[in-house]
Structure formats: structure tokens, C-alpha cells
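In: Sequence and predicted structure below; questions after.
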Amino acid sequence: PRNCSDHGESATVPKSLTPVDVDSRIQQKSCLVFAGTVITNGRATAVITATGVASEMGRIQRGVSEAKADEEKTPLTQKLDAFGDRLTLAIGAICVAVWAINLPKIFQPAFA
């Protein structure tokens with residue numbers, strides 16, 4: 001079988017039935033296959049041991065999410081966020097002003 005590249009295996013890698021320690025690094029787990037594994041020769045039967053956030057892909061996603069949560073905004077991002085907030089308020093104020101100006105004309109037959 002060939003494991004997907006996010007587990008460090010881009011070439012054909014032999015798999016075995018030899019159990020490994022639970023705390024082994026993912027590269028040492030030669031008896032496991034992961035999502036995206038392609039069988040290049042022979043046959044295989046697999047047992048699903050984890051899905052979703054409990055899987056290795058879930059662990060990777062959790063790490064990425066935690067890293068993103070720790071990430072601070074750059075000064076440019078902070079300025080763009082502040083500008084976006086001011087722009088939203090300005091556009092909202094213009095919309096309310098146009099609505100208020102046209103409110104007396106709403107019931108005129110030519111306006112409808």
C-alpha cells in the first residue's frame with residue numbers, strides 16, 4: 001500500500017501485521033493505513049479504528065485550529081478590519097438616509 005503524503009509516505013511502502021506501541025510516531029505505525037491509502041499490489045483488509053476528530057486527520061485539523069487560534073492579527077489585518085467596520089457603518093448610514101429622504105414619497109402613485 002501507498003500512504004497519502006500528509007503522513008510522510010509518497011512512495012510505495014510495505015505494510016505488516018506486526019503491532020506497534022500506541023505512543024509510536026505516526027511514521028513508525030507500519031501496520032496501519034490511513035485515509036487516502038492506495039493499494040498498489042496484492043490485497044488488504046482493514047479495520048476502521050477512528051473517524052472524524054478522533055482520526056489522525058482529525059488530530060492534524062485540531063493542531064491547525066489551535067495554531068490559528070493562537071495567531072495574532074498583523075497590523076495590516078487590524079487596520080483592514082477597522083476600515084471594514086467604518087465602511088459598514090457609513091454604507092448603513094447612507095442607506096438609512098436615502099430611506100428617510102424617500103419616506104414621504106412612498107405613498108405617491110408615481111413613486112410606486
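Out: Noted; the coordinates are in hand.

In: Now do the same for stretch 91-102: mean pLDDT, whole number.
Out: Stretch 91-102 comes out with an average pLDDT of 95.

In: Just the CA coordinates for that stretch, please, in PDB.
Out: Taking Å, rounded to 0.1, in the frame of the first residue of the first chain, the C-alpha atoms of stretch 91-102 are listed here in PDB:
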ATOM      1  CA  ILE A  91     -22.900  52.400   4.000                       C
ATOM      2  CA  GLY A  92     -25.600  51.700   6.600                       C
ATOM      3  CA  ALA A  93     -26.000  55.400   7.400                       C
ATOM      4  CA  ILE A  94     -26.300  56.200   3.700                       C
ATOM      5  CA  CYS A  95     -29.000  53.600   3.200                       C
ATOM      6  CA  VAL A  96     -30.900  54.900   6.200                       C
ATOM      7  CA  ALA A  97     -30.600  58.500   5.000                       C
ATOM      8  CA  VAL A  98     -31.900  57.600   1.500                       C
ATOM      9  CA  TRP A  99     -34.800  55.600   3.000                       C
ATOM     10  CA  ALA A 100     -35.600  58.600   5.300                       C
ATOM     11  CA  ILE A 101     -35.500  61.100   2.400                       C
ATOM     12  CA  ASN A 102     -37.800  59.000   0.300                       C
END
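
In: Where is the longest helix in this structure?
Out: Counting by DSSP state H, the longest helix found in the chain is helix 75-102.

In: Which parts of the chain are helices?
Out: Ranges of helices in the chain, per DSSP H, are 56-70, 75-102.

In: will you turn those into TSV that also has mean neighbour count and distance to residue 108?
Out: Where C-beta positions appear, they are placed from N, C-alpha and C, glycine not excepted. Listed next are the helices of the chain as TSV, based on neighbours: other Cβ atoms under 10 Å; distance: least, Cβ to Cβ, whole Å:
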stretch	mean neighbour count	distance to residue 108
helix 56-70	11	54
helix 75-102	10	10
